[in-house]
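A.B. asks: Need a 3D model of the sequence below.
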Amino acid sequence: MNVAEWLRNLGLEQYEPAFRENDVDAQVLPRLTADDLISIGVTSVGHRRRLLDAIAALGVEMPAALETPVQADAERRQLTVMFCDLVGSTALSSRLDPEDLRGIIGAYHRCVAETAEGFDGFVARYMGDGVLVYFGYPQAHEDDAERATRCGLALVDRVPQLDQAEELHARVGIATGLVVVGGEVVEHDVAGDTPNLAARLQTLADPDTVVIAASTRRLTGDLFEYRDLGEIELKGIAAPAPVWQVLGPSTIESRFEALRGSALTPLVGRDEEIDLLLRRWWRTKAGDGQVVLVSGEPGIGKSRIVAAFAERLRDEPYLRLRYFCSPYHQDSALYPFIDQLGRAAEFARDDPHAAKLVDRC
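C.D. replies: Take a look at the predicted model:
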């Protein structure tokens with residue numbers, strides 16, 4: 001079935017871009033609800049009624065395989081859930097023409113989807129001016145909490161820059177926890193308190209800010225700078241919840257140090273590796289330059305070995321230069337050098353560009 005042709009036959013071809021942008025295909029179409037239509041921009045009651053009547057007629061025409069989607073087995077997962085909301089959308093809807101409002105909401109949805117995709121987030125649902133995004137499903141990463149937080153900061157920065165007739169602002173709530181995906185719930189929905197907590201936190205956030213739960217704060221460590229908002233009563237949450245506002249990335253140089261702090265547990269079972277590094281160091285001091293590559297799976301202890309080696313050299317005279325790549329700056333080939341130079345120059349996070357200019361004379 002061609003959805004675009006179906007819309008044209010109804011005389012509602014103006015909604016073809018919205019259906020395409022929201023991935024409404026022949027399988028999704030028969031299950032659309034009134035709320036779904038509103039969320040993709042069908043604000044006209046008459047158009048919505050015509051679409052719902054036509055969708056109801058599809059119940060007889062569509063194959064049975066499309067009427068009853070196959071439910072995946074339930075899966076227990078830890079997810080970081082981000083809820084992003086467009087500030088002041090109710091006021092916008094009261095003073096804008098529905099077509100103009102649809103264009104604004106569409107631009108906002110595209111901004112959220114593109115930004116989330118850049119951090120490997122999964123857009124689970126559009127709910128009018130709200131967007132629900134999962135980090136850790138369907139693809140899990142070791143740093144999903146960090147990805148979600150960086151995505152939230154990027155969104156509250158990019159949404160006000162959208163070139164629209166109205167100035168737009170977003171606010172973001174983020175929470176992490178165990179959920180159940182699949183089974184008897186609706187496709188891409190999850191069972192658990194985490195999405196509800198993220199939505200409640202979003203309502204606490206001021207425009208252009210990101211608020212996170214304690215569960216996310218524990219996983220992001222000192223990777224960011226925070227403002228402690230204290231314990232706050234949230235509707236539907238049994239006990240007061242500790243809440244933090246994320247101010248921005250921290251100035252800590254190493255992710256290893258940011259996540260684990262300065263108090264490290266003793267290193268066990270790596271004597272051979274440390275001895276190898278020390279032998280290479282002695283050869284370097286003798287004038288025979290050395291290069292050592294330490295590689296392995298994430299979490300195997302590479303950074304911990306390097307930290308232990310640096311501790312062995314604490315009384316040695318040497319200059320250490322550290323450069324860090326980042327999966328969040330893959331579009332900047334020189335990012336490790338730019339970042340190191342910025343740290344060496346002691347640039348502050350909020351320094352304007354003019355303050356970073358260096359007199360070369």
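A.B. asks: how about the helix ranked longest in the chain as CSV, C-alpha atoms only?
C.D. replies: The helix spanning the most residues in the chain, taking DSSP state H as the definition, is helix 98-118. Below are the C-alpha coordinates for helix 98-118, written out as CSV (Å, rounded to 0.1, in the frame of the first residue of the first chain):
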residue,chain,number,x,y,z
PRO,A,98,-2.4,25.7,12.5
GLU,A,99,-0.3,25.5,9.3
ASP,A,100,2.4,27.8,10.8
LEU,A,101,2.3,25.9,14.1
ARG,A,102,2.7,22.6,12.2
GLY,A,103,5.8,24.0,10.5
ILE,A,104,7.3,25.0,13.8
ILE,A,105,6.6,21.7,15.5
GLY,A,106,8.0,19.9,12.5
ALA,A,107,11.3,21.8,12.6
TYR,A,108,11.5,21.2,16.4
HIS,A,109,10.9,17.5,15.9
ARG,A,110,13.6,17.3,13.2
CYS,A,111,16.1,19.1,15.4
VAL,A,112,15.4,16.6,18.3
ALA,A,113,15.6,13.6,16.0
GLU,A,114,18.8,14.7,14.3
THR,A,115,20.5,15.6,17.6
ALA,A,116,19.5,12.4,19.3
GLU,A,117,20.7,10.3,16.3
GLY,A,118,24.1,12.0,16.6
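A.B. asks: Quick check: what element follows that helix along the chain?
C.D. replies: strand 122-127 (DSSP states H and E).
A.B. asks: how many other residues sit next to residue 40?
C.D. replies: Around residue 40 sit 21 other residues, with neighbours defined as other C-beta atoms under 10 Å. Heads up, the C-betas are built off the backbone N, CA and C, glycines and all.
A.B. asks: Only the buried residues of the longest helix of the chain, if you could.
C.D. replies: 101, 102, 104, 105, 106, 108, 109, 111, 112, 113, 115, 116 (16 or more other C-beta atoms under 10 Å).
A.B. asks: try stretch 81-90
C.D. replies: Going by 16+ other C-beta under 10 Å, stretch 81-90 has these buried residues: 81, 82, 83, 84, 85, 86, 87, 89.
A.B. asks: Can you list which of those are found in strands?
C.D. replies: 81, 82, 83, 84, 85, 86 (DSSP state E).
A.B. asks: Turn those into TSV, including pLDDT and distance to residue 230.
C.D. replies: Listed next are those as TSV, based on pLDDT from 0 to 100; distance: C-beta to C-beta, whole Å:
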residue	pLDDT	distance to residue 230
81	95	22
82	96	22
83	95	21
84	95	23
85	93	22
86	92	27
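A.B. asks: Make JSON lines from the residues you listed and add distance to residue 144 to it.
C.D. replies: Formatted as JSON lines, these follow (distance: C-beta to C-beta, whole Å):
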{"residue": "81", "distance to residue 144": "10"}
{"residue": "82", "distance to residue 144": "10"}
{"residue": "83", "distance to residue 144": "15"}
{"residue": "84", "distance to residue 144": "16"}
{"residue": "85", "distance to residue 144": "21"}
{"residue": "86", "distance to residue 144": "24"}
